[in-house]
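Visitor: fold the following.
(chains A and B)
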Amino acid sequence: KQEVTQIPAALSVPEGENLVLNCSFTDSAIYNLQWFRQDPGKGLTSLLLIQSSQREQTSGRLNASLDKSSGRSTLYIAASQPGDSATYLCALSAGKSTFGDGTTLTVKP
Amino acid sequence: NAGVTQTPKFQVLKTGQSMTLQCAQDMNHNSMYWYRQDPGMGLRLIYYSASEGTTDKGEVPNGYNVSRLNKREFSLRLESAAPSQTSVYFCASSEALFRGSYEQYFGPGTRLTVT
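Guide: Reported below is the predicted structural model:
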């Protein structure tokens, strides 16, 4: 059974810092990995999707990488802003989707 | 495009009552999903529909039923609500089932409390 772990559970940084969120998984037989953002009381917004054959995807200040051999994905956020404060979840699809519990990010002005 | 819409946004039920959560998408997606989100448990798949006319159980299907009414709509029914079904319910859709380059798009959620 696929297990997805996101560490740390919470992270607080000052505005302007570059930061990395981690997602680790136990089964590398996946179709894709998707990173989401969830604001309090809201649904999930898709940020980036990395297909199994890809190593990374970029969108603006976000860069996500995938290393299947080590069972790890990272989400890099450059020059963080208070508006980036949210919970970030990773989800792996391998027949069905398995979600991590998320990392709650607070960016302080 | 509205994307994925869900109704209602909030609902309070008494134990034993029934209700149906509605979901619709306007992206012409083939696959649709129902998840529940609980603190400390993450998102768990309840049921999914790979395409119009098909439905399958996910990780936590007990106590729920679904109907894929047409390509746009996928409803979730609680026949006899229990306090353990207090949760936030999310509907999602994707162009195809889980794989490849097909992103999942989520609705805003339904916050259900069963007393």
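Visitor: could you use CA atoms for every contact and neighbour count after this?
Guide: OK.
Visitor: for residue B:22, give its distance to chain A.
Guide: For residue B:22, the distance to chain A equals 15 Å [Cα to the nearest Cα, to the nearest Å].
Visitor: that residue is in contact with residue B:7, isn't it?
Guide: Yes: with contact defined as Cα atoms under 8 Å, residue B:22 and residue B:7 form a contacting pair (5.3 Å).
Visitor: buried residues, stretch B:52-59. List them.
Guide: By neighbour count, and taking 16 or more other Cα atoms under 10 Å in any protein chain shown as the criterion, the buried residues in stretch B:52-59 are B:52, B:55, B:58.
Visitor: can you tell me which of the residues you listed lies nearest to chain A?
Guide: Here the nearest of the buried residues of stretch B:52-59 to chain A, counting by Cα to the nearest Cα, is residue B:58; it sits at 8.1 Å.
Visitor: list the contacts for residue B:32?
Guide: In this structure, residue B:32 makes contact with B:48-51, B:74, B:91-94, judged by Cα atoms under 8 Å, 6 or more residues apart in numbering or on different chains.
Visitor: try it again with 10 Å
Guide: Applying Cα atoms under 10 Å, 6 or more residues apart in numbering or on different chains, one finds that residue B:32 lies in contact with B:4, B:23-25, B:47-52, B:55, B:68, B:71-75, B:91-98, B:104-106.
Visitor: quick check: residues of chain B near chain A?
Guide: Residues of chain B found near chain A, taking Cα under 10 Å from any Cα of the partner chain as the criterion, are B:37-45, B:48, B:58-59, B:88-92, B:97-111.
Visitor: which ChimeraX command selects the buried ones in these?
Guide: Here the buried members of the residues of chain B next to chain A are turned into a ChimeraX selection, burial being counted by 16+ other Cα under 10 Å:
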select /B:37,42,43,44,45,48,58,88,89,90,91,92,97,98,99,100,101,102,103,104,105,106,107,108,109,110,111
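Visitor: quick revisit: mind putting the buried residues of stretch B:52-59 in a markdown table, secondary structure included?
Guide: Formatted as a markdown table, the entries for the buried residues of stretch B:52-59 read as follows, by DSSP: H, G, I helix; E, B strand; the rest coil:
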| residue | secondary structure |
| --- | --- |
| B:52 | coil |
| B:55 | coil |
| B:58 | coil |
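Visitor: next, format those residues as a markdown table and append distance to residue A:72 and pLDDT.
Guide: As requested, these are exported to a markdown table (distance: Cα to Cα, whole Å; pLDDT from 0 to 100):
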| residue | distance to residue A:72 | pLDDT |
| --- | --- | --- |
| B:52 | 34 | 91 |
| B:55 | 32 | 95 |
| B:58 | 25 | 92 |
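Visitor: center of chain B, which residue is that?
Guide: Central residue check for chain B by Cα atoms, centre = their mean: the C-alpha nearest the mean position is that of residue B:34, 2.6 Å away.
Visitor: so that one touches residue B:58, yeah?
Guide: Yes: between residue B:34 and residue B:58 there is a contact at 8.7 Å, judged by Cα atoms under 10 Å.
Visitor: look up phi and psi at the residue nearest to residue A:42 when sequence neighbours are not counted.
Guide: Excluding its sequence neighbours, the residue lying closest to residue A:42 (Cα to Cα, 6 or more residues apart in numbering or on different chains) is residue B:108, at 5.6 Å. In terms of degrees, to the nearest 10, the main-chain angles of residue B:108 are phi -80, psi -10.
Visitor: what's the burial count for the residue in chain A positioned nearest to chain B?
Guide: Taking Cα to the nearest Cα, chain B has its nearest neighbour within chain A at residue A:43, 4.2 Å off. Other residues lying near residue A:43 total 21 when counted by other Cα atoms under 10 Å in any protein chain shown.
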